[in-house]
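Colleague: test case, fold it:
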Amino acid sequence: MSQAQMSQAYVIEVSDRTAGIVVSDNRGFCFFSSDRAFDGLDGGYFGSARAAERAVRAHLRRHREVRRRTTRG
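Modeller: All right, here's what the predicted structure looks like:
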């Protein structure tokens, strides 16, 4: 396998949690969740590993907001 064909994989961690990994292929970076809280993003493609990390952080913020609303009332 040539250098250009090699996949890149990165672990994404947020708030002391391992959300999952992103693996590059010819379509971009595919996210694989390792924590059920991030299953909604599982299989999603992103333009970069950084974009996937931003999506994971936004997903976690939304998840926390929903939990706060449901526990208040």
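Colleague: please enumerate the helices of the protein.
Modeller: Using DSSP state H, the helices of the chain run over 49-72.
Colleague: quick one, longest strand in it?
Modeller: Longest strand of the chain, by residue count under DSSP state E: strand 17-25.
Colleague: can you pull out the low-pLDDT segments for the chain?
Modeller: The chain contains residues with pLDDT under 70 at 1-5, 72-73.
Colleague: please name the nearest non-neighbouring residue to the spatially most central residue of it.
Modeller: Against the mean C-alpha coordinate of the chain, by Cα atoms, centre = their mean, the closest residue is residue 56 at 4.3 Å. Once flanking residues are discounted, residue 56 sits nearest to residue 19: 4.6 Å by Cβ to Cβ, 6 or more residues apart in numbering. Using the backbone N, CA and C atoms, a C-beta is placed for each residue, glycine as well.
Colleague: need the contact list for the one you found.
Modeller: Taking Cβ atoms under 8 Å, 6 or more residues apart in numbering, we find residue 19 in contact with 12-13, 33-35, 37-38, 56, 60.
Colleague: recalculate using a threshold of 7 Å.
Modeller: Shown in contact with residue 19 (Cβ atoms under 7 Å, 6 or more residues apart in numbering): 12-13, 33-35, 38, 56.
Colleague: and the residues you listed, which are buried?
Modeller: Buried subset of the contacts of residue 19 (neighbour count, 16 or more other Cβ atoms under 10 Å): 12, 33, 38, 56.
Colleague: what is the nearest of those to residue 48?
Modeller: residue 12 (11.9 Å; Cβ to Cβ).
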